[in-house]
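K.L.:
Below are the sequence and a predicted model; questions follow.
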Amino acid sequence: MAEHQISIRSGFTVLTAAALIAVSAGCGGTNPATAKRIRAVEKGLMRSVYLQGLATEKLNLEERMAFYRVPGVSIAVIDKKRLEWAKAYGERDNQIHQPLTTESLFQGGAFSQMIAAAVTFSLAGEGRFRLDDDVSAGLKSWVFPPEFDPRNKHLDLRSLLAHGSGLSDQLLPGYAHDEAIPTLPQVLDGAKPAANGPLWVSPVAAAPVRTRYAESGYVVLEMFLTDRTGQPFETLARERVLEPAGMKLSTFEVPLPDALRPSAASGHLREGRPVSGLWKSYPEKAAKGLWTNPSEFAGFLLDLIRSAENETGKVLPGAAARALLGRQLESFGAGFLVDGKNDDIQFLVRGKTHGFCCMFVLFPVRGQGAVIMTNSDNGFTLIDEILCALSAAYEWPAYKPVEKQVLRLDPETYKSFTGRYEVGPNYFLDVRWEDYYLVIQPTGQAATRFYAEGQTLFYSTDPYIRIQFMRDKGPVDGLVLWQQDFELKARKIGE
């Protein structure tokens, strides 16, 4: 509950503008058209939702970084199947005030999975195994225990890559600088010092859908790749992907090598302070262990496109690249989500670790996209607004602000929601009704307006938060709040 309490407090907070430091890659050679688009993005952020009938407001990147308490953001933009520009804004750490550069490293979270997919397709292309092979037959250092229930499980490599294994959907928590780092078998078994439960245990006896995001599948995949090759995953990734793609600073090493620490951004919590120890470590490298920057990851994506189109990429041969960039299961590719169709098809990944949020979007047919990385737990909301600006500047087919209708409810309905809701000790949400909206005031924070989109469902636009009031055959007794990647519950304690 304490972690959730921090999340909701920061969501309502507006800060004064902080100094913004921008470093442009090759800024001296930026052509006028590119410079104009950069300015359009920096001054053209848009809220992801806005009220029906109102014009969308253009917002300044510096001000939105301050508003969301995001110390730093780094952006690389792809257009016409090339890296058009890259810039870094803000600070590596809001305590030591060192500026970010385009070479500064961030934790990539789920970005790791597409690198792992490239390693897998590289080895499969050499005949080391087939994508339809059952990994349980190739595991040596760890095996599924006798009590493992194989029903509704799919342990072929393709299913592991496309989140169709049916294994545990636990999110791997990472380890602080003063905590012991578990081995991969310990992580799989959920054995100390691992902070997770057994990854081979499914949360349901019969999975209702074929795919479900599961980092556990990539832990099994990493174990399989290590056992089959005799090499640690970080070596496989470096030799088969990072070095060929020119990703000179990117790494999967745990802990982060001393030589790279001065280049690494610090993670920051929702209320703005740095993560204790600056970041957590993720020994589950194939699932979420990558350190990279937007320029290097964009280069990897472009290399795959080059191979798929004319076989000039360096990571994979053409056939393997085309196979990797195809839809695998339902809406999943090999380490990424697939959305849209025909010329507007897009690949995307949202990566999250403790104190970091990042996202990449790639329209492979159009040759457009962006890689955006932030050093804050609040980063996704800022990223959404940057994507709206990029979409407007580059005429993307997606990432447009959503116009939301405002409903007017019966006065008695509004009244039923007013009162005090307890989030945690000494932290409350006070709800009052004004005209056609609710005003919610968190303890010690600025009040925010929430508009009705249903009889019990409300939303705010700045930031975008949704709240549902709950009742069990009687008066309202609580609420549930959603903002980006977390959920919070509060119980009603008074009128």
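P.N.:
That came in fine, so what should we check first?

K.L.:
With just CA atoms, put the lengthiest strand in the chain into PDB.
P.N.:
When the chain is parsed with DSSP state E, its longest strand is strand 82-93. Extracted in PDB, the C-alpha atoms of strand 82-93 (Å, rounded to 0.1, in the frame of the first residue of the first chain):
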ATOM      1  CA  ARG A  82      16.900   6.200 -41.100                       C
ATOM      2  CA  LEU A  83      17.700   7.800 -37.700                       C
ATOM      3  CA  GLU A  84      16.700  11.400 -38.400                       C
ATOM      4  CA  TRP A  85      17.500  12.900 -35.000                       C
ATOM      5  CA  ALA A  86      18.200  12.100 -31.400                       C
ATOM      6  CA  LYS A  87      18.100  14.500 -28.400                       C
ATOM      7  CA  ALA A  88      18.400  14.100 -24.600                       C
ATOM      8  CA  TYR A  89      16.700  16.500 -22.200                       C
ATOM      9  CA  GLY A  90      17.100  17.000 -18.500                       C
ATOM     10  CA  GLU A  91      19.300  15.300 -15.900                       C
ATOM     11  CA  ARG A  92      20.700  11.800 -15.300                       C
ATOM     12  CA  ASP A  93      20.000  12.300 -11.600                       C
END
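
K.L.:
C-terminal to it, what's the next element?
P.N.:
Sequence order places strand 98-99 as the next helix or strand after strand 82-93, per DSSP states H and E.

K.L.:
State the paired neighbours of the next helix or strand after that next one in the sheet, together with their directions.
P.N.:
Later in the chain than strand 98-99, the nearest helix or strand by DSSP H and E is strand 106-109. Applying DSSP bridges, strand 106-109 is found paired with strand 290-292 (antiparallel).

K.L.:
residues in contact with the partner strand?
P.N.:
105-109, 111-112, 115, 247, 249-252, 256, 260, 264, 373 (CB atoms under 8 Å, 6 or more residues apart in numbering). Quick note: C-beta positions are derived from backbone N, CA and C, even for glycine.

K.L.:
Let me know the average pLDDT across it.
P.N.:
Mean pLDDT, computed over strand 290-292, is 99.

K.L.:
Near residue 403, how many other residues are there?
P.N.:
Using other CB atoms under 10 Å, residue 403 is surrounded by 12 other residues.

K.L.:
Ignore what I typed, I meant residue 398.
P.N.:
Counted with other CB under 10 Å, residues neighbouring residue 398 total 14.

K.L.:
Please state the backbone phi and psi of it?
P.N.:
The phi/psi pair for residue 398 (degrees, to the nearest 10) reads phi -140, psi 180.

K.L.:
Am I right that it is in contact with residue 341?
P.N.:
No: counting by CB atoms under 8 Å, residue 398 sits too far from residue 341 to count as a contact (11.7 Å).

K.L.:
So residue 492: helix, strand or coil?
P.N.:
With DSSP: H, G, I helix; E, B strand; the rest coil as the basis, residue 492 sits in strand.

K.L.:
and it, what is it in contact with?
P.N.:
Residues near residue 492 by CB under 8 Å, 6+ apart: 419, 420, 421, 422, 475, 476, 477, 478, 479.

K.L.:
nearest to residue 303, of these?
P.N.:
residue 479 (47.3 Å; CB to CB).

K.L.:
what helices or strands is the helix or strand containing residue 479 leaning on?
P.N.:
Assigned by DSSP H and E, residue 479 falls within strand 476-483. Packed against strand 476-483 by the contact rule (3 or more CB pairs under 8 Å, 6 or more residues apart in numbering; DSSP states H and E) you find helix 2-11, strand 419-424, strand 464-471, strand 486-494.

K.L.:
what do you get if the cut-off is 7 Å, keeping everything else the same?
P.N.:
Contacts defined by 3 or more CB pairs under 7 Å, 6 or more residues apart in numbering; DSSP states H and E place strand 476-483 against helix 2-11, strand 464-471, strand 486-494.

K.L.:
per-residue confidence at the residue nearest to residue 156 when sequence neighbours are not counted?
P.N.:
In this structure, residue 156 finds its nearest non-sequential neighbour in residue 132, 5.1 Å apart by CB to CB, 6 or more residues apart in numbering. On pLDDT, residue 132 comes in at 95.

K.L.:
so residue 132, which of the three states?
P.N.:
coil.

K.L.:
tell me, how many neighbours does it end up with?
P.N.:
10.

K.L.:
From residue 160, how far off is it?
P.N.:
To residue 160, residue 132 is 11 Å away according to CB to CB, to the nearest Å.

K.L.:
quick check: mean pLDDT across the longest strand of the chain?
P.N.:
Mean per-residue pLDDT for strand 82-93: 98.

K.L.:
Does anything pack onto that strand? Which helices or strands?
P.N.:
Applying 3+ CB pairs under 7 Å, 6+ apart, one finds that strand 82-93 contacts strand 22-24, helix 32-42, helix 61-68, strand 72-79, strand 98-99, helix 294-310.

K.L.:
got the buried residues for it?
P.N.:
Within strand 82-93, the residues scored as buried using 16 or more other CB atoms under 10 Å are 83, 84, 85, 86, 87, 88, 89, 90, 91, 92, 93.

K.L.:
can you confirm residue 283 is in a strand?
P.N.:
No: counting by three-state DSSP, residue 283 falls outside a strand, being coil.

K.L.:
Enumerate every residue touching it.
P.N.:
181, 182, 184, 187, 254 (CB atoms under 7 Å, 6 or more residues apart in numbering).

K.L.:
Between the residues you listed, identify the one with the most neighbours.
P.N.:
Counting by other CB under 10 Å, residue 187 has the largest number of neighbours within those, with 26 neighbours.

K.L.:
Report the secondary structure state of that one.
P.N.:
helix.

K.L.:
Would you mind listing which of the contacts of strand 290-292 are buried?
P.N.:
For the contacts of strand 290-292, buried by 16+ other CB under 10 Å: 105-109, 111-112, 115, 247, 249-252, 256, 264, 373.

K.L.:
what's the closest of the residues you listed to residue 337?
P.N.:
Nearest to residue 337, judged by CB to CB, of the buried ones among the contacts of strand 290-292 is residue 111 at 12.5 Å.

K.L.:
What does the pLDDT read for that closest one?
P.N.:
In this model, residue 111 is scored at 98, pLDDT.

K.L.:
so what's it up against?
P.N.:
Residue 111 makes contacts with 290, 292, 297, 349, 351, 358, 360, as judged by CB under 7 Å, 6+ apart.

K.L.:
next one: residue 396
P.N.:
Contacts for residue 396 (CB under 7 Å, 6+ apart) come out as 363, 368, 390.

K.L.:
Would you mind naming the residues that bridge with the second one?
P.N.:
Beta bridges link residue 368 to residue 363 when assigned by DSSP bridges.

K.L.:
Could you tell me how far it is located from residue 411?
P.N.:
Using CB to CB, residue 368 is found at 49 Å from residue 411.

K.L.:
before we move on, what about the first one?
P.N.:
In this structure, residue 363 lies at 47 Å from residue 411, with CB to CB as the measure.

K.L.:
So for these two, which sits in the more crowded spot?
P.N.:
residue 363 (22 against 10).

K.L.:
isn't the more buried one right up against residue 346?
P.N.:
Yes: Residue 363 is within contact range of residue 346, at 5.0 Å (criterion: CB atoms under 7 Å).

K.L.:
What ranges in the stretch 101-250 of the chain fall below the confidence cut-off?
P.N.:
Residue ranges of the stretch 101-250 of the chain with pLDDT under 70: 203-208.
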